[in-house]
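**Q** The sequence and its predicted three-dimensional model are supplied below.
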Amino acid sequence: MTLTGPLQARDARGLLRDSFLVFVLGVVLGAAWSWRPSFWYDEVATLYSSQRSRPDLSNLLGHIDAVHGLYYVGMRYWFEMFGASEFSARFPSALAAGTAGAGVVVLGALISTRRVAGLSGILFVMLPSVTWAAVEARGYALTATAAVWLTVILLAALRFRRWWLWVLYAGGLAVSIVLFVYLLTLVPAHLLTILLLREARRSWLGWTSATAAGLVVAAPLVALVRRESVQVAWIPPLDDHLPRAVAEYQWFVGAPWFAVLFAVLVVAGSVALVRNGRHLPPVLSVTVPWVLVPMALLLVYSLLRTPVYLPRYFTFTTPAVALVGGLCLAALTRQWWQSAAVLAVFAVAASPSYLAQREQWAKPSGMDFSTVNGFAGQNVRPGDCVLFDTPAWNPTSLRLVKNVRPEAFDGTRDIGLGATAASRGSLWDDELAVPDVAGALDSCSVVWFFTDYERDTERVIRHTSNEVWTLPPYHFEDTEAFAALTRSGLRIDERRTFNVTQAVKLVR
């Protein structure tokens with residue numbers, strides 16, 4: 001396989017138009033109805049961390065979550081300019097999805113034809129994992145953007161052999177690793193690509209020097225992330241859940257029929273490519289290492305050292321998956337209407353997942369922090385006391401309801417707050433148990449208690465991360481918290497259940 005032919009520049013205006021149209025399509029698909037889902041745990045971590053002062057944010061990243069540090073810093077300035085609504089917090093991810101889609105088109109044109117590039121770009125923006133990442137206030141969509149444009153720079157440097165492209169590659173590699181340390185696995189993937197592309201081997205010195213420079217710059221961050229590895233201690237070990245995680249959740253989350261159709265497309269397209277008697281296309285020299293090397297490395301590490309595998313961590317490989325799909329689709333169809341018909345079938349297969357991702361309770365466990373925060377802003381009054389319980393399904397406490405938009409609780413008496421997160425350099429504040437605030441309760445005429453929802457039976461939830469949460473039956477009146485509240489002379493005045501959260505108003 002060589003770099004000649006497929007990498008020749010042609011129809012620059014057409015390529016620019018194609019990439020722009022895919023960018024717009026990706027942004028529109030990603031942003032549409034992104035304001036509907038209620039924030040969940042991880043997204044509140046983004047909100048609460050990114051809106052801290054510079055010293056407090058630096059203190060946090062020195063103790064935990066440095067792996068998301070660059071994203072938090074960027075979001076801090078974004079929130080200062082545009083606020084932290086559901087739409088605003090997620091729109092950067094939609095922009096990233098569109099930018100990654102444009103990168104897929106450009107990369108496809110460098111290693112194949114304009115037709116393969118366009119089909120790949122369209123497939124990319126409709127991949128269920130991409131539309132999921134586009135509606136997350138987290139950095140996963142940005143990892144796809146970083147990975148595809150870093151690979152574009154690599155291919156451009158191999159093709160045109162300009163020193164400044166290697167400088168750009170070194171800087172892009174450093175930024176990519178700082179953005180998300182798992183992008184470090186692109187280094188061996190790119191090495192394998194260079195070995196597969198024979199003419200690229202003449203650029204061995206340029207790639208080695210640029211890679212070494214990028215790794216040196218990113219090394220302090222990698223060392224810090226290793227010191228903070230306790231933050232991924234919750235990741236479950238590999239088990240028989242892995243095949244489904246790889247086959248569906250990794251790239252086609254929530255869309256099993258899309259996954260089946262994509263597998264059929266790849267098999268049929270591969271047969272068509274072999275029958276055409278072509279050599280292995282350069283597309284596969286780029287995409288196969290990109291897909292397989294990171295996954296193999298992290299699976300082996302998870303088996304031999306400690307679990308680090310999560311399907312959503314591989315969002316950065318989605319551009320490679322889309323390019324494989326675009327290559328196979330181009331091999332199977334000759335007329336534009338044939339390609340359009342196949343893409344329409346994929347769009348139909350993706351639509352249930354797309355709509356589900358944008359429902360009000362779309363996030364894991366149906367977390368409802370935004371909705372409860374909105375309720376509090378309309379119903380909790382200045383001078384009211386507020387307390388936050390720790391439900392079975394919440395890794396911390398329901399104080400996350402307040403963290404969404406603290407101004408919803410302006411003027412209230414937060415009697416359960418312990419040590420603050422900012423003072424300890426941690427993600428979350430400490431919560432005092434209700435019996436420990438008995439003295440403060442005596443001065444409260446109204447208490448809003450945010451707690452778990454009522455359950456008569458045990459509920460078991462298995463997440464796509466393979467976490468299994470067992471929620472025991474729950475009745476507020478049977479809890480020690482309720483007993484402590486009644487001992488203080490409080491009684492239930494009203495209560496409101498949302499999806500997984502219950503707000504109880506108690507009065508004297």
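**A** Looks like it arrived, so ask away.

**Q** Identify the residues contacting stretch 55-64?
**A** 49-50, 52, 69, 72-73, 76, 224, 228, 230-231, 421-422, 424-427 (Cβ atoms under 8 Å, 6 or more residues apart in numbering). Bear in mind the C-beta positions are built from the backbone N, C-alpha and C, glycine included.

**Q** what about it, average pLDDT?
**A** Stretch 55-64 shows a mean pLDDT of 93.

**Q** How about stretch 186-194?
**A** Rounded mean pLDDT across stretch 186-194 is 97.

**Q** List the buried residues for it?
**A** Using 16 or more other Cβ atoms under 10 Å as the burial criterion, the residues of stretch 186-194 that qualify are Leu186, Val187, Ala189, His190, Leu191, Leu192, Thr193, Ile194.

**Q** where do the strands sit along this structure?
**A** Per DSSP state E, the chain carries strands over the ranges 385-388, 413-414, 446-452, 459-462, 468-471, 491-497, 501-507.

**Q** gap between the residue nearest in space to the middle of the chain and Val321?
**A** Nearest to the mean C-alpha position of the chain, counting by Cα atoms, centre = their mean, stands Tyr140 at 3.4 Å. Using Cβ to Cβ, to the nearest Å, we find Tyr140 at a distance of 14 Å from Val321.

**Q** So the spatially closest residue to Cys328 that is not a sequence neighbour versus Arg275, what's the distance?
**A** The spatial neighbour of Cys328 that comes closest, neighbours along the chain excluded (Cβ to Cβ, 6 or more residues apart in numbering), is Gly269 at 2.3 Å. To Arg275, Gly269 is 11 Å away according to Cβ to Cβ.

**Q** More neighbours: those two, which one.
**A** Using other Cβ atoms under 10 Å as the criterion, Gly269 and Arg275 rank with Gly269 on top: 20 against 9.

**Q** any low-confidence regions in the stretch 351-500 of the chain?
**A** Across the stretch 351-500 of the chain, nothing is flagged by pLDDT under 70.

**Q** redo that, cut-off 90
**A** 392-395, 462, 465-468 (pLDDT under 90).

**Q** Which stretches in it count as helices?
**A** For the stretch 351-500 of the chain, applying DSSP state H, counting those that start in this stretch gives helices covering 369-379, 400-404, 421-424, 438-441, 480-487.

**Q** Now tell me what touches the fourth one from outside.
**A** Which is helix 438-441. With Cβ under 8 Å, 6+ apart as the criterion, helix 438-441 contacts Cys385, Arg413, Ile415, Val434, Val447, Ala484, Leu485, Arg487, Ser488, Leu490.

**Q** and the two most separated of those?
**A** When Cβ to Cβ is used, the two most widely separated members of these are Arg413 and Arg487, lying 18.9 Å apart.

**Q** who's more crowded, those two?
**A** Per other Cβ under 10 Å, whichever of Arg413 and Arg487 has more neighbours is Arg413, with 18 against 12.

**Q** what about that one, distance to Pro391?
**A** 22 Å.

**Q** likewise Ser129?
**A** 29 Å.

**Q** higher neighbour count, those two?
**A** A direct count of neighbours by other Cβ under 10 Å for Ser129 and Pro391 places Ser129 higher, at 27 against 20.

**Q** so that one makes contact with Val253?
**A** Yes: Ser129 is within contact range of Val253, at 5.3 Å (criterion: Cβ atoms under 8 Å).

**Q** quick one: common contacting residues for these two?
**A** Jointly contacting Ser129 and Val253 under the rule Cβ under 8 Å, 6+ apart are Pro311, Arg312.

**Q** From Gln250, how far off is the closest residue to Leu298 other than its chain neighbours?
**A** Distances taken as Cβ to Cβ, 6+ apart put Tyr309 closest to Leu298, at 5.2 Å, once the chain neighbours are dropped. Tyr309 sits 10 Å away from Gln250, going by Cβ to Cβ.

**Q** Buried residues, stretch 102-118. List them.
**A** 102-113, 115-118.

**Q** quick one: contacts of stretch 243-256?
**A** 127-129, 132, 258-259, 262-263, 295, 309, 311-312, 314, 317-318, 321, 349-350, 352-353, 356-357, 464, 466.

**Q** could you give the mean pLDDT of it?
**A** Here stretch 243-256 scores 95 as its mean pLDDT.

**Q** For that stretch, could you pull out the residues that count as buried?
**A** Ala245, Glu248, Tyr249, Gln250, Trp251, Phe252, Val253, Gly254, Ala255, Pro256.
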